[in-house]
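# Here is the input, now give the coordinates:
(2 chains, ligands or ions: 1)
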Amino acid sequence: MVAMPQPDADVLRRRQEIAAALSRIVPGEGVITVPTALKPYESDALTAYRQTPLMVVLPETVQQVSAVLRYCHEHGVRVVPRGSGTSLSGGSLPLADAVLLGMGKFNRVLDIDYANRTVTAQPGVTNLAITRAVEGRGFYYAPDPSSQIACSIGGNVAENSGGVHCLKYGLTTNNVLGVEIVLITGEILRLGGKHLDAEGYDLLGLITGSEGLLGVVTEVTVRILSKPTTARAVLMGFASSLAAGDCVADIIASGIIPAGLEMMDGPAIKAAEDFVHAGYPLDVEALLICELDGPAVEVDYLISRVCAIAEKHGVTTVRTSNSEEERALFWAGRKAAFPAVGRISPDYYCMDGTIPRKKLPLVLERMQELSQKYGLRVANVFHAGDGNLHPLILYDANKPGELEAAEALGADILCLCVEVGGVLTGEHGVGVEKRDLMPEQFSETDLNQQLRVKCAFDAEHLLNPGKVFPVLHRCAELGRMHVHHGALPHPELPRF
Amino acid sequence: MADLLEPQDAASAVEAVADALASRTPLELTGHGSKRGYGRPVAATRQLSARMLAAVDFYEPEELVLKAGAGMPLAEVEALLGKAGQHLAFEPMDLGPLLGGPAGAGTLAGVVACSLSGPRRPFAGAARDHVLGIEAVSGRGDLLTTGSRVVKNVTGYDLPKLLTGSFGTLAFYTSLTLKTLPAPERAVTLVLEGLGDQTAIEIMTRALTSALEVSGAAHLPAGLAGYSDGASRTLLRLEGFAVSVADRQAALEKLLAGVAPCRMVEGEECKALWQAVRDVRPLIEPAASAVWRLSVAPSEGAKVMARLRQALGVSGYYDWGGGLIWVAVAPGFADAGAGPLRAALGEGHATLVRAPEAVRAAVPVFHPQSPALAALAARVKDSFDPENLLGPGRMVAGSERARG
Ligand SMILES: Cc1cc2nc3c(=O)[nH]c(=O)nc-3n(C[C@H](O)[C@H](O)[C@H](O)COP(=O)(O)OP(=O)(O)OC[C@H]3O[C@@H](n4cnc5c(N)ncnc54)[C@H](O)[C@@H]3O)c2cc1C
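You can find the predicted model right below:
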């Protein structure tokens, strides 16, 4: 288990005083300190980690957020922002000495602008609610994490979340046009808006995916798209993951970027089929779901090309959806893959690395070896089109040592991803979970530069500490003058 | 002539920055130097150029990725991708001719540093959306690896986005990793004639809000010499697989039936038209006029333009469905018209892309930011370049001098 920063004893002692001060900023039910009421906030979706927060604060206005942060900044109190708590990396895990700042009351869609193809929403609005707000007029918000009924748009921005349609339509970062953020000092900033590029440095791009470490998002403007006239999915079964992987590479090499291109391995197919009865073939080792969207003629044309490519790679079953219901059914199994696996194992641990796609056969083989080495089963679902893997490690937390073994296996898998030229996390974030693996991907120099960026936003490391970065250097230390070849450069020269 | 350093590899780039750091010598970061006139004048006598860092590390079309030296000429990148039927989907612009130089002279570094996205931006994303990884030397002399070669990556902060569009003020790029995409099989453009600005914006909006995947929407008001001499022209582009383009073209014609006389262009004519829109060719002449780039909410475009015509008598045109406005301000207005222009803008921002050096030194070339935002940007700059050695003064007035 990853160790969290030592709680500040002084802050723990001042708990009453802090609660009283924050209650003056957020009156009514806005500050929660009663132990039973704190219980639901103890963890996010990385449930192996639990911690009761110092208190929960639920602001309703940006002024309140600003005043709460200013107070915490002035009084040296740590703050953990939280949206819907669906993070799979422990991003919104509370700290014993930190205020958990819940953004759930920021739940209004503020503006729908069809002419400019934008929606402006408060951060607590769920991902799906944005699509729901505009689908009547034929629009939708493209990034679609499987958790979309629950996760908040603010959380999506903080995690730069993806979904099965990101291959063609991009991640959160490619679909956000503007945000309002509040810095730990209480300063309120607006970045971007309805125009298509923000001025100056791309701080919007930097904030997106910053896991709540740089600022609290209080408003989000996203672009919405017109729904394609047609979307159809093709289910393709293969006798080996290798053949399925080659098929994926060939589809993309032939100039086709499907709306979604997903892969599941034998164990995942079986679990999903038993759970949702999507009609998946059970006699295959790998299943591809390829969705094509656009005008009907284009979709038909591409389906025939995809099927021809699949034939070349020895596809054993092919089914093409012929109705919206059928398409939804094809996806239902994939989208329910996590809970489906949850039914066949007391516990499962969801990993999230990305690899260069061509390394898939190698990585699958090595994962198989690792699975045997640790004696734990692994079921695999992939965003195959972009090489983002979600190995699900099956374990039983009640068996001594299994959680630790699952974590160790998970770490080995992620290191493998980095080793083959990929990354530790494709969409779930570093959070607590992968924090201590960061040196696998980044040198100390790289990590120090990221930390310096953090210092530019939050010099005292008060926002979401203990997440993302393995060691917290003091900002003053990081800012030290560069020493070249062991000597301070020209100390005799006046600095102009 | 300023002193010019052309490192051959990343290690010598580190040396060059370390040396500048030791002697407190400010550096102007360049590729081929074709866009040195974009931004405020840089207070540096030494130039650090990426031109020798021009090799392809790898290009894997089936993985949709290219990694190349930062100084690789953009024209070579485009030729290489073209051979595999791919392209850079953000349609990088070529500012060379607007800035008085030849066409096709830029580098990958220049495109990324100046964040030059073309007409396809509303549909396919901007330069920043296609930069996957950057290796660069910071102003501290550190060789940084940011991002990766894969698209799905949320490990640590997204520093490639921050470094894109930083105009050589945060770090010296040594290599760039970009996402490549299949180039469309076919492209056609519907040209509508004689629409007024506001109507044109409405028509572009109608097209862009349809499901027809319009990948370019520009309006050239009447009177742009060589481009819309007689009547205004509104351009709507469709790209993709041939069967799809034909189908969407029919649907678009139906959607816009009766709006205005309309014809279809394709092939070289279509390509040339969008190159002109992309590279601001309609405003190259008269060379003495100042050229501004305005980014606004698309629906506001025509209103902003009307205010600018009234205040400054500008001529100009629209891209991005109205969200990107290029205008020329005749010489004679003090500060290239910065004051009235920004007052007329409302929300959004304005950048002075072409003006004499003295003017660019005197007015904020980039849009002024709120004090809190400007202070944050300065802290971010400081985190990469504490001595202010990289491109001092390029983005912000008063930052010309190295810090001490
Ligand atoms: C079953 C399941 C399926 C999932 N599928 C996907 C998927 O397909 N793709 C994917 O990308 N993710 C997926 N996730 C992960 C998760 O849903 C996303 O990371 C989501 O964006 C988190 O949103 P949230 O509102 O729950 O944020 P939280 O979990 O509350 O917080 C996540 C992080 O964001 C920060 N944060 C939250 N709100 C704000 C704010 N307003 N300002 C600043 N920081 C903030 C927190 O501090 C924390 O670091 C899945 C999770 C589950 C449980």
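# domain assignment for the chain?
Using chain A here. If you go by automatic domain parsing, the domain ranges for chain A are A:9-102, A:109-226, A:230-338, A:345-419, A:436-487.
# The chain in question should be chain B.
Split by automatic domain parsing, chain B gives B:49-182, B:186-278, B:281-362.
# returning to what we had before: make TSV out of the domains of chain A and add distance to the ligand and mean neighbour count.
From N, CA and C alone the C-beta is placed, and that goes for glycine too. Converted to TSV, the domains of chain A look like this (distance: least, C-beta to the nearest ligand atom, whole Å; neighbours: other C-beta atoms under 10 Å in any protein chain shown):
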stretch	distance to the ligand	mean neighbour count
domain A:9-102	2	20
domain A:109-226	2	23
domain A:230-338	5	20
domain A:345-419	8	20
domain A:436-487	5	18
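# Ok, which of those comes nearest B:S175?
B:S175 lies closest to domain A:436-487 among the domains of chain A, at 14.5 Å (C-beta to C-beta).
# how many other residues sit next to the spatially closest residue to B:G393 that is not a sequence neighbour?
Leaving aside its sequence neighbours, B:G393 sits nearest to B:E400 (C-beta to C-beta, 6 or more residues apart in numbering or on different chains; 3.6 Å). Residues near B:E400, counting by other C-beta atoms under 10 Å in any protein chain shown, number 17.
# residue contacts, B:E400?
For B:E400, the contacting residues are B:A43, B:P392, B:G393, by C-beta atoms under 8 Å, 6 or more residues apart in numbering or on different chains.
# And the residue in the stretch 51-200 of chain B positioned nearest to the ligand, how far from chain A?
The stretch 51-200 of chain B approaches the ligand most closely through B:V154 (7.9 Å), counting by C-beta to the nearest ligand atom. Here the criterion is C-beta to the nearest C-beta, to the nearest Å. By it, B:V154 lies 5 Å from chain A.
# One more: B:E63?
For B:E63 relative to chain A (C-beta to the nearest C-beta), the value is 6 Å.
# Tell me how far that residue lies from B:A375.
Distance, B:E63 to B:A375, by C-beta to C-beta, to the nearest Å: 41 Å.
# now A:P143
Using C-beta to C-beta, A:P143 is found at 32 Å from B:A375.
# With A:A115 instead?
Taking C-beta to C-beta as the measure, A:A115 falls 34 Å from B:A375.
# helix or strand for the residue in the stretch 301-404 of chain B that the ligand sits nearest to, which one?
Across the stretch 301-404 of chain B, the shortest distance to the ligand (C-beta to the nearest ligand atom) belongs to B:L376, at 15.9 Å. Element membership of B:L376, judged by DSSP states H and E, is helix B:371-384.
# to the chain's geometric centre, what's the distance from that helix?
With C-alpha atoms, centre = their mean, to the nearest Å as the basis, helix B:371-384 stands 22 Å off its chain's centre.
# list the buried ones in that helix?
For helix B:371-384, a neighbour-count test (16 or more other C-beta atoms under 10 Å in any protein chain shown) marks B:L373, B:L376, B:A377, B:V380, B:K381, B:D382, B:S383, B:F384 as buried.
# Make a markdown table out of those residues and add distance to B:G100 and pLDDT.
Rendered in a markdown table, the data for the buried residues of helix B:371-384 read as follows (distance: C-beta to C-beta, whole Å; pLDDT from 0 to 100):
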| residue | distance to B:G100 | pLDDT |
| --- | --- | --- |
| B:L373 | 32 | 97 |
| B:L376 | 35 | 98 |
| B:A377 | 29 | 98 |
| B:V380 | 32 | 98 |
| B:K381 | 29 | 97 |
| B:D382 | 34 | 96 |
| B:S383 | 35 | 97 |
| B:F384 | 31 | 98 |
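# of those, list those near chain A.
Filtering those for proximity to chain A (criterion: C-beta under 8 Å from any C-beta of the partner chain) leaves B:L373, B:L376, B:A377, B:V380, B:K381, B:D382, B:S383, B:F384.
# Quick check: the gap between the fourth one and A:Q449.
As for B:V380, its distance to A:Q449 is 11 Å (criterion: C-beta to C-beta).
# mind checking how far the closest residue to chain B within the stretch 301-450 of chain A is from A:S161?
Residue of the stretch 301-450 of chain A nearest chain B, by C-beta to the nearest C-beta: A:G426 (3.6 Å). From A:G426 over to A:S161 the distance is 10 Å, taken as C-beta to C-beta.
# And for A:A243?
31 Å.
# swap in A:Q368?
A:Q368 is 29 Å from A:S161, by C-beta to C-beta.
# Next: A:F139.
According to C-beta to C-beta, A:F139 and A:S161 sit 19 Å apart.
# residue ranges with poor pLDDT in the chain?
I went with chain A, as the question did not name one. Counting by pLDDT under 70, the ranges of chain A that qualify are A:480-496.
# You answered for a different chain; I wanted chain B.
In chain B (pLDDT under 70), the answer is B:1-2, B:401-404.
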